[in-house]
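Colleague: using only what follows, build the 3D model:
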Amino acid sequence: MKTTPVTRRSLLLAGVALALPAAAAPAVQGEIWKSPSCGCCKDWIAHMQAAGFALTVHETGNTAIRGRLKMPAPLGSCHTALIGGYAIEGHVPAREVQRLLKERPQAVGLAVPGMPVGSPGMDGPEYGGQRDPYDVLLVQADGRTRVFASYR
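Modeller: Reported below is the predicted structural model:
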């Protein structure tokens, strides 16, 4: 077996290779339906993009898609997304969507009903740092929910 001698140059090249960042993981693709005039939806999209999600935006409202994705209307919010085969309703934090995609439970998806202040997209400077407690709900096919994460 032939061995290659260790040289200063080979050590330097190895060190440079270790110092370079690994290639960025490809963005998780998804779609979002929202009203064209909704500012908090735009802020939620920016939050998701910062976490590595690439969302195609449909500015057509979200009522029809919410029904098609089997997200119960009482859990509704101002926008609905479809990411990794799951419905994402409202201001769900990116880390909970990442957890959902990692765990892959049998479910319709996640929901943060309403528009709680302090949730992603509802946390801009106009809210003065105010934070309302809220739950991220895992929505089952039969419409039942359980708490997936709590923010207090």
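
Colleague: what residues are up against the residue nearest the centre of the chain?
Modeller: The residue lying closest to the centre of the chain (C-alpha atoms, centre = their mean) is residue 94, at 3.2 Å. Neighbouring residues of residue 94 by C-beta atoms under 8 Å, 6 or more residues apart in numbering: 47, 48, 50, 51, 52, 53, 120. All C-beta spots, glycine's among them, are computed from the backbone N, C-alpha and C.

Colleague: any idea how far it is from residue 47?
Modeller: Distance of residue 94 to residue 47, given as C-beta to C-beta, to the nearest Å: 6 Å.

Colleague: list residues touching both of the two?
Modeller: With C-beta under 8 Å, 6+ apart, residue 94 and residue 47 have common neighbours residue 120.

Colleague: out of the contacts of residue 94, who's the most crowded?
Modeller: residue 48 (25 neighbours; other C-beta atoms under 10 Å).

Colleague: so which bits of the helix or strand encompassing that one are buried?
Modeller: For residue 48, the element it lies in under DSSP states H and E is helix 39-50. Going by neighbour count (16 or more other C-beta atoms under 10 Å), the buried part of helix 39-50 is 40, 41, 43, 44, 45, 47, 48.

Colleague: could you dump those residues to JSON lines with pLDDT and distance to residue 75?
Modeller: Converted to JSON lines, those look like this (pLDDT from 0 to 100; distance: C-beta to C-beta, whole Å):
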{"residue": "40", "pLDDT": "93", "distance to residue 75": "17"}
{"residue": "41", "pLDDT": "94", "distance to residue 75": "16"}
{"residue": "43", "pLDDT": "96", "distance to residue 75": "20"}
{"residue": "44", "pLDDT": "97", "distance to residue 75": "16"}
{"residue": "45", "pLDDT": "97", "distance to residue 75": "20"}
{"residue": "47", "pLDDT": "97", "distance to residue 75": "20"}
{"residue": "48", "pLDDT": "98", "distance to residue 75": "19"}
